[in-house]
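Participant: the sequence and its predicted three-dimensional model are supplied below.
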Amino acid sequence: MWNAIENDLKQQGRTFADEGTTEEKAREEYRAIAERRVRLGLVLAEIGEKNNIKVGDDELSRAIVERARRFPAASKRCGIITARTHRRWRACARPLFEEKVVDFLVELAKVTDKQVSREELYKEDEDSAPAT
């Protein structure tokens, strides 16, 4: 993730100062984002494992072909054009697996509508915001 950020800045000819931050602050922010992503991935993996959610090879093949149609560059990344190695296929299965777990959780969710005023909606955020 950090390499992508640095490369984007270089390609755009920008610096962290141009973005209104320092490299140290940006590193802290992106590290926190990366940690949240890892924790979320672990939670989804645990839920998927406990509920026996799997991605079959046929599902994976269909998803890869579909994504390759929409994003030709993805076909290279997922091994459509190059040799289909097990590692590449599994890397492409992760997002599909996470989608299936989220779909499973959405099916379990009980949603109710509740009318709230704009003030009430934003007050809740203000109450839970950490003090700075």
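Facilitator: Nice, thanks for sending it over. Residues are numbered from 1 along each chain as shown.
Participant: for the rest of this, base every contact and every neighbour count on C-alpha atoms.
Facilitator: Noted.
Participant: residue 15 in helix, strand or coil?
Facilitator: Judged by DSSP: H, G, I helix; E, B strand; the rest coil, the three-state class of residue 15 is coil.
Participant: for it, give me the backbone phi and psi.
Facilitator: Note on residue 15: backbone dihedrals following degrees, to the nearest 10 are phi -120, psi 170.
Participant: so what's it up against?
Facilitator: By C-alpha atoms under 8 Å, 6 or more residues apart in numbering, residue 15 lies in contact with residue 9.
Participant: how near is it to residue 22?
Facilitator: 9 Å (C-alpha to C-alpha, to the nearest Å).
Participant: identify the residues contacting residue 6.
Facilitator: Per C-alpha under 8 Å, 6+ apart, neighbours of residue 6: none.
Participant: check which helix or strand covers it.
Facilitator: For residue 6, the host element (DSSP states H and E) is helix 2-12.
Participant: put the alpha carbons of that helix into CSV.
Facilitator: This file holds the C-alpha atoms of helix 2-12, laid out as CSV (Å, rounded to 0.1, in the frame of the first residue of the first chain):
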residue,chain,number,x,y,z
TRP,A,2,2.8,2.4,0.9
ASN,A,3,4.6,1.8,-2.3
ALA,A,4,1.5,2.6,-4.3
ILE,A,5,1.1,5.9,-2.4
GLU,A,6,4.7,6.8,-3.0
ASN,A,7,4.5,5.9,-6.7
ASP,A,8,1.3,7.8,-7.2
LEU,A,9,2.9,10.9,-5.7
LYS,A,10,6.0,10.5,-7.9
GLN,A,11,3.9,10.1,-11.0
GLN,A,12,1.9,13.2,-10.2
